[in-house]
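**Student:** return atomic coordinates for the entry below.
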Amino acid sequence: MKRPLLVDQRENGKGDYWVVIRGGNRSVSFTSEMYVSRSNAIRAAKKHIADIDPVPVAFSYWTGDRMPRPSADGMSYSLDRTLVTERIR
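**Tutor:** The predicted structure follows:
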C-alpha cells in the first residue's frame, strides 16, 4: 500500500496559520502562505487535497480555542485544543 501524503495545519501563538505537506518519507515538500484564521488554512488545505485526487492523504488540523485557559489548580495554563486527523482516500 502506498504511504499517504501528510497534510498538517500548523499555527503559532501570534495568530498565524499555515499548511505543510510532507511526503510518505515525512520530508517537507511544501509550506503554504500564512493565513489570518485557522478556518482559512483548513479550507485552503482541503482545496489542495481535492486537487491532488486520487492520492491518499492523512490530514491533521487543530480545533478548539488557541487561547490559554487557567487549569484546575489555578497555577498553570492549558490550551483547549484538539488535534484531529482525517484519512482521505
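**Student:** so who does Val57 touch?
**Tutor:** Val57 makes contacts with Pro4, Leu5, Leu6, Val7, Ile49, Arg87, Ile88, Arg89, as judged by CB atoms under 8 Å, 6 or more residues apart in numbering. Just so you know, the C-beta spots here come from the backbone N, C-alpha and C atoms, and that holds for glycine as well.
**Student:** closest one of these to Asn25?
**Tutor:** Nearest to Asn25 among the contacts of Val57, counting by CB to CB, is Leu6 at 9.9 Å.
**Student:** from Asp80, how far off is Asp8?
**Tutor:** Distance of Asp8 to Asp80, computed by CB to CB, to the nearest Å: 20 Å.
**Student:** repeat that for Thr31.
**Tutor:** The spacing between Thr31 and Asp80, counted by CB to CB, is 27 Å.
**Student:** follow-up on the earlier one: quick one: which of Asp8 and Asp80 has more around it?
**Tutor:** Asp8 (18 against 11; other CB atoms under 10 Å).
**Student:** thought the more buried one was touching Ile49?
**Tutor:** No - if you go by CB atoms under 8 Å, Asp8 and Ile49 don't touch, sitting 11.9 Å apart.
**Student:** mind listing the shared neighbours of these two?
**Tutor:** Contacts common to Asp8 and Ile49, judged by CB under 8 Å, 6+ apart, are Phe59.
**Student:** need the contact list for Val84.
**Tutor:** Residues in contact with Val84, defined by CB under 8 Å, 6+ apart, are Ser60, Tyr61, Trp62, Thr63.
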